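Trainee: with the input below, show me the fold.
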Amino acid sequence: GKFEQANGGTLFLDEIGDMSMNAQAKVLRALQEGKITRVGADRDINVDVRVIAATNKDLIKEVEHKNFRLDLYHRLGVIIVHVPSLNDRLGDIPILIDHFLEDVGKEYGQPRKTIDKKAIDLLMHYNWTGNIRELRNVVERLVILSGKSITADDVENYVLPKNS
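Mentor: Now for the predicted structure:
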């Protein structure tokens, strides 16, 4: 149904590397033939959709392991944009924290919280395996659990793993 809804526009497929082989076949058909078939239907629907796809997986390795179709990779790979992980873009962290503090404050109907430089320094040295999504969740957790200003102690207590 997403292709039909996006007809004449753009469809964003997130985490395409996790898509089943059956779903990959359907996406490939929609892209190659510009046709989809509703579940249970017997007639095709023409669709004209531009697709933007994202994944955190190495799709070439997924192709080698037979988890991703090579023909779909080539169909999607007209323009490939590699976005480095957050760990490779440490300078972005303070800017993103500032943005998320604003967003989370609005979401919770709270005044925007401040954050100490030492807290930012700790967050810049954290291993962001979940990238920007993880950073956003961490900022939300800090906004919820901290006082008026987020401190280094807050980061140590609510973010950094405890040594066993």
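Trainee: could you point out which element follows the helix or strand bottoming out on mean pLDDT in the chain?
Mentor: Of all helical and strand segments in the chain, the minimum by mean pLDDT, DSSP states H and E falls on strand 35-37, at a mean of 86. Moving toward the C-terminus from strand 35-37, the next helix or strand (DSSP states H and E) is strand 44-46.
Trainee: for that following strand, give the mean pLDDT please.
Mentor: Averaged over strand 44-46, pLDDT sits at 89.
Trainee: before we move on, the earlier item: in its sheet, what does the least confident helix or strand of the chain sit against?
Mentor: strand 44-46 (antiparallel) (DSSP bridges).
Trainee: only the buried residues of the strand it pairs with, if you could.
Mentor: By 16 or more other Cβ atoms under 10 Å, strand 44-46 has no buried positions at all. Where C-beta positions appear, they are placed from N, C-alpha and C, glycine not excepted.
Trainee: send over the helix or strand residue 104 falls within as PDB, restricted to the C-alpha atoms.
Mentor: Applying DSSP H and E as the criterion places residue 104 in helix 93-108. Only the C-alpha atoms of helix 93-108 are listed here, as PDB (Å, rounded to 0.1, in the frame of the first residue of the first chain):
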ATOM      1  CA  ILE A  93      27.400  16.000  18.600                       C
ATOM      2  CA  PRO A  94      27.100  19.400  20.300                       C
ATOM      3  CA  ILE A  95      24.900  20.800  17.500                       C
ATOM      4  CA  LEU A  96      22.700  17.700  17.600                       C
ATOM      5  CA  ILE A  97      22.400  17.900  21.400                       C
ATOM      6  CA  ASP A  98      21.400  21.500  21.200                       C
ATOM      7  CA  HIS A  99      18.700  20.600  18.600                       C
ATOM      8  CA  PHE A 100      17.400  17.700  20.600                       C
ATOM      9  CA  LEU A 101      17.300  19.700  23.800                       C
ATOM     10  CA  GLU A 102      15.000  22.200  22.000                       C
ATOM     11  CA  ASP A 103      12.800  19.400  20.500                       C
ATOM     12  CA  VAL A 104      12.500  17.400  23.700                       C
ATOM     13  CA  GLY A 105      11.700  20.500  25.700                       C
ATOM     14  CA  LYS A 106       8.800  21.300  23.300                       C
ATOM     15  CA  GLU A 107       7.600  17.700  23.200                       C
ATOM     16  CA  TYR A 108       7.400  17.600  27.000                       C
END
